[in-house]
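[1] Below are the sequence and a predicted model; questions follow.
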Amino acid sequence: MNTANKLTMIRVLLIPAFLAVLYIGFFGSSYVAMGIFIAAGLTDIADGYIARQRNQVTDFGKLMDPLADKILVLSAMLWFLEQGIMPAWAVLIVVVREFLVTALRLIAVDNGRVIAAAASGKVKTVVTMFCLTVMFLELQPWMVHACIAAITMTTVASGVEYYVKNRDIFDWKKL
């Protein structure tokens, strides 16, 4: 297993540790969980960089890297939902966007085309990871609301961009 894939596996293994710390709930556990979340996010940055620099792009990485990201982010969001910090509608927007973009990519692959990550998707990921990290700090309610708004807006914007830029893959006459 190459270095990039090892980092992806570390991220996958950090997810249950992240959740365990949150659910065990000791003094300062939210800060420990935030540290694990940040570490997992850093492995995402590192594995992508290493994979491109060393030409270590693999089928495993193409599958597991985005899947690990989605599971990590949704784990944090579901925790915040359970704690009454994040509303269900905001989590649902993120989940629906992920399903729609994945569906779009599957249709594209079926048509012999690969849809690469758009810049807006990368911005969405950075904003989401940053905002979720900020939400662990238990700051003022307005900051949490601002983070939820930022996550929601970048999620919708990137989802719309994927569909607008790739609308030609649909055969509207067959729909």
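    All right, it came through fine. Numbers count the residues shown, from 1 in each chain.

[2] which SS class is Thr116?
    Not Thr; residue 116 is Ala. The assignment at Ala116 comes out as coil when based on DSSP: H, G, I helix; E, B strand; the rest coil.

[3] now the protein, which segments are flagged as low pLDDT?
    172-175 (pLDDT under 70).

[4] ok, which stretches of it are helices?
    Read by DSSP state H, the chain holds these helices, from start to end of the chain: 3-24, 29-53, 59-82, 88-110, 119-135, 141-165.

[5] Quick one, which of the ones you listed gets closest to Asp171.
    For the helices of the chain, proximity to Asp171 was assessed by Cβ to Cβ; helix 88-110 is nearest, at 9.9 Å. Heads up, the C-betas are built off the backbone N, CA and C, glycines and all.

[6] would TSV of the helices of the chain with mean neighbour count be doable?
    Putting those into TSV (neighbours: other Cβ atoms under 10 Å) gives the following:
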stretch	mean neighbour count
helix 3-24	17
helix 29-53	18
helix 59-82	18
helix 88-110	15
helix 119-135	18
helix 141-165	16
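
[7] Burial check on the residue nearest to Asn2 when sequence neighbours are not counted, number of neighbours?
    Here the nearest residue to Asn2 in space, its sequence neighbours aside, is Gln56; by Cβ to Cβ, 6 or more residues apart in numbering that works out to 4.4 Å. Using other Cβ atoms under 10 Å as the criterion, Gln56 is surrounded by 15 other residues.
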